[in-house]
Each structure stands twice: as structure tokens, then as C-alpha cells.
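1. Need the 3D shape of this:
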Amino acid sequence: MENFGLVEFLRSEIVVETREDVLYDANEASEEQKDALVKNMLCLLESDEDWDDLQGMTFEKTADLETYLNNDPDSLNIGPLIICAAVMTFYGKNGEDAEGFHVGEDEYFITLDEDHYYACEMEVEID
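-> Numbers count the residues shown, from 1 in each chain. Next comes the predicted model:
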């Protein structure tokens with residue numbers, strides 16, 4: 001795979017799941033669900049600059065993205081951001097109606113490809 005942009009990769013390749021549910025599968029998602037995931041990420045970001053940074057992110061290979069998600073060098077918390085957006089999309093929430101949305105703590109996985117993933121345990125709470 002050549003260099004890829006993060007946002008397009010999210011739309012086309014990732015799977016976000018818990019041990020019980022597949023929350024978002026880019027290979028199975030409709031265009032509406034893909035758009036919802038991206039819009040949910042946008043509404044969760046603190047500034048337009050963060051969105052510009054996200055849109056400009058490119059990676060050479062999925063191992064690089066895995067390293068980025070695990071180390072969070074820009075303190076953007078992209079892994080948890082992707083998970084929150086996927087949970088919102090799964091439950092049919094969007095930025096306008098997500099205030100007060102809460103899902104209890106769970107272990108989440110973002111599968112990048114068969115060899116690379118990001119995992120974290122977190123509680124999803126949208127204020």
C-alpha cells in the first residue's frame with residue numbers, strides 16, 4: 001500500500017468493535033454510515049485546526065498508523081476519537097443529538113489490517 005490519508009482510510013478500511021459488537025466496518029458500511037463517522041469525528045474535535053491536521057495526516061503503512069495511535073504524539077487522542085465516533089454512528093447519534101450520550105466502559109478495538117490494531121478500555125461519554 002502506498003501512502004494513505006487517515007480520513008480516507010477510516011472510510012475504506014477500518015473495523016471498530018468490542019468483544020460483543022462490530023460498531024463500524026468500513027468494508028460493510030454504507031456511504032451514509034461512512035459520512036456519519038467522519039461528521040461525528042468532526043463534531044468531537046475541539047477546533048477546525050485539529051480537523052485540518054486530521055485531514056492532512058498520511059501514513060506510509062498500517063504499522064505506522066498503529067504506532068501513531070498507540071503513542072499519540074500530537075495529543076489529539078485519535079484512537080479514542082475514532083472509537084467515540086464509531087459508537088455514535090452505531091447508535092445513530094450525530095453531533096446535534098449526542099449531548100449527554102453515554103455508553104459504559106468497554107474494551108474497544110480498531111482493526112487496521114490483519115496484523116495491526118489499536119485497543120483501549122474506555123467509557124464513551126459525550127458532554
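2. Strands of the protein, start to end?
-> With strands called from DSSP state E, the chain shows them at 4-5, 15-17, 22-25, 58-59, 102-113, 116-125.
3. how far does the second one sit from the chain's center?
-> Read that as strand 15-17. Here strand 15-17 is found 9 Å from its chain centre; the criterion is Cα atoms, centre = their mean, to the nearest Å.
4. mean confidence score for it?
-> For strand 15-17, mean pLDDT rounds to 98.
5. just to revisit the earlier point, wait, which of the strands of the chain is closest to residue 70?
-> Among the strands of the chain, the nearest to residue 70 by Cβ to Cβ is strand 116-125 (6.4 Å). Quick note: C-beta positions are derived from backbone N, CA and C, even for glycine.
6. and for that closest one, what are the contacting residues?
-> Applying Cβ atoms under 8 Å, 6 or more residues apart in numbering, the contact partners of strand 116-125 are 62-63, 65-66, 69-70, 79-80, 83-84, 87-88, 101-112.
7. Also stretch 87-95?
-> Stretch 87-95 is contacted from outside by 16, 21, 23-24, 33, 36-37, 39-40, 42-44, 98, 101, 103, 124, 126, using Cβ under 8 Å, 6+ apart.
8. the residue most distant from the middle of the protein, which is it?
-> In the chain, the residue that sits farthest from the middle, by Cα atoms, centre = their mean, is residue 2; the gap is 20.9 Å.
9. about what we covered before: please, a ChimeraX command that selects the buried ones among the contacts of stretch 87-95?
-> Buried subset of the contacts of stretch 87-95, written as a ChimeraX selection, criterion 16 or more other Cβ atoms under 10 Å:
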select :16,23,24,33,36,37,40,42,43,44,98,103,124,126
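10. which residue ranges form the helices in the chain?
-> 6-12, 31-44, 48-56, 62-71, 78-90 (DSSP state H).
11. okay, the ones you listed in CSV with distance to residue 116 next?
-> What follows is the helices of the chain, written out as CSV (distance: least, Cβ to Cβ, whole Å):
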stretch, distance to residue 116
helix 6-12, 12
helix 31-44, 19
helix 48-56, 19
helix 62-71, 4
helix 78-90, 12
